[in-house]
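S.K.: Fold the following, please.
(2 chains)
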Number of protein chains: 2
Amino acid sequence: MSTTGLTTVNGVNVDQMMTTIEHIQQQPDLANFTFRARTEWQNGAHTRSRIKGFYGAGREDESRTEPLELVGDEPAILLGKNHGPNSVEVVLHALASCLAVGLIYNASARGIEVHSLDMDVEGDVDLHRFLGLSEETRAGFEGITLRYRVAADATKDEIEQLCAHVQNTSPVLDILTNPVPVTISMEASTQ
Amino acid sequence: MSTTGLTTVNGVNVDQMMTTIEHIQQQPDLANFTFRARTEWQNGAHTRSRIKGFYGAGREDESRTEPLELVGDEPAILLGKNHGPNSVEVVLHALASCLAVGLIYNASARGIEVHSLDMDVEGDVDLHRFLGLSEETRAGFEGITLRYRVAADATKDEIEQLCAHVQNTSPVLDILTNPVPVTISMEASTQ
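M.R.: Next up, the predicted model:
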């Protein structure tokens, strides 16, 4: 990333960004982060996750005084009550928000002012496997399509170069397009 | 899935579940769903997604009269203002809520009453790639660990069998552990 020397671009403190990058270049393990969520089942398909602390930049973060909450549920056709989006809809938000943040941070580092950015994202899923009706189909999204619209002080070519870089560095895009090892274990079971 | 004949178990209408499964067995394309989100960048790392309609069970769903909203942001150490969880934290909620719904639905189908269920999930990420400092490390989670605690009218063995089935049929676990094709395109760019 390079900077134009402006302090804040698109609401991003570019000086802080450059300082963070310098610190990590000097001490690489500052880039190791562990994020966490605690999820409690409520009733039916209704769940609630609390997200507060995480480890990063060499220490436990304490910037959140209250937990951030996410509520999950299913629509009626899938036996829920619409208290919140379902888990695959949440994945669509995760992808779009990750690409948006990447695009804004990298635009800011390049001194490109962004006036607006929005995205439509959709994913196709066949529920046969989730419902225990088939082992042949995959359980998750067969494919995801994302279209974005941007207004910025940059040419279409510059935006496309920016977006290519963002796609190469996006955590959630990597998580979706490449396998992540997941370990699941029961900690306690009581009757 | 089999049912004990009870109508509602764990807040899940088992009769409706069995009817849905019968309909899909008779008309397989009813299992094709397309979920959607529209995400708008706010400022800095702050994003907002609206989730309302989707296609499923052969038609456009209209059960949500208002959009469900998800807010994303980053903590201060990552240049944000903590308006919401960041996108990889959202992925942790997506995984836990998906496994919880799968466990509850399958327990309900088997007539197992669940008294409580909660999960701790965490993921490790190295931010070198996101920050443009390395092409060697992956951008997303290097690994995710989930531990769950359950109280239910079932033996430990029955719960472990249930959980094995859920892991084999979970949409989000599949999305994380197997590659999903993602297509990204610019729809419009203005200066």
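S.K.: Grab the most central residue of chain A for me.
M.R.: Geometric centre of chain A, nearest residue: A:Ala94, 3.5 Å, by Cα atoms, centre = their mean.
S.K.: low pLDDT regions in chain A?
M.R.: Applying pLDDT under 70 to chain A flags residues A:1-6.
S.K.: Strands of that one, start to end?
M.R.: Secondary structure of chain A (DSSP state E): strands located at A:8-9, A:12-13, A:32-43, A:46-51, A:55-56, A:59-60, A:68-72, A:114-126, A:141-152, A:182-190.
S.K.: which of those strands sits most buried?
M.R.: A comparison of the strands of chain A by mean neighbour count, using mean count of other Cβ atoms under 10 Å in any protein chain shown, puts strand A:46-51 on top with a mean of 24. To be clear about C-beta, it is placed using only N, CA and C from the backbone, and glycine gets the same treatment.
S.K.: So what touches that one?
M.R.: A:35-42, A:67-73, A:80-81, A:83-84, B:11, B:85, B:89, B:92-93, B:96-97, B:100-101 (Cβ atoms under 8 Å, 6 or more residues apart in numbering or on different chains).
S.K.: mind running it again at 6 Å?
M.R.: A:37-42, A:67-73, A:83, B:85, B:89, B:93, B:97, B:100 (Cβ atoms under 6 Å, 6 or more residues apart in numbering or on different chains).
S.K.: what lines up beside it in the sheet?
M.R.: Strand A:46-51 pairs in its sheet with strand A:32-43 (antiparallel), strand A:68-72 (antiparallel), by DSSP bridges.
S.K.: angle of that strand against strand B:114-126?
M.R.: With axes from the mean of the first three to the mean of the last three Cα atoms, to 10 degrees defining the directions, strand A:46-51 sits at 40 degrees from strand B:114-126.
S.K.: Just give me how far strand A:46-51 sits from the chain centre.
M.R.: Remark: strand A:46-51 is offset 16 Å from the chain centroid, using Cα atoms, centre = their mean, to the nearest Å.
S.K.: Can I get that strand in PDB? Just the C-alpha atoms.
M.R.: What follows is strand A:46-51, C-alpha atoms only, in PDB (Å, rounded to 0.1, in the frame of the first residue of the first chain):
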ATOM      1  CA  HIS A  46     -33.500 -19.100  17.000                       C
ATOM      2  CA  THR A  47     -29.900 -18.600  18.100                       C
ATOM      3  CA  ARG A  48     -27.900 -15.700  19.600                       C
ATOM      4  CA  SER A  49     -24.200 -15.100  19.400                       C
ATOM      5  CA  ARG A  50     -22.200 -12.700  21.500                       C
ATOM      6  CA  ILE A  51     -18.900 -11.400  20.200                       C
END
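S.K.: Quickly note the distance from the closest residue to A:Gln191 other than its chain neighbours to B:Ala139.
M.R.: Counting by Cβ to Cβ, 6 or more residues apart in numbering or on different chains, A:Gln191 lies nearest to B:Asp153, which is 6.2 Å off, once chain neighbours are set aside. The gap separating B:Asp153 from B:Ala139 is 43 Å, by Cβ to Cβ, to the nearest Å.
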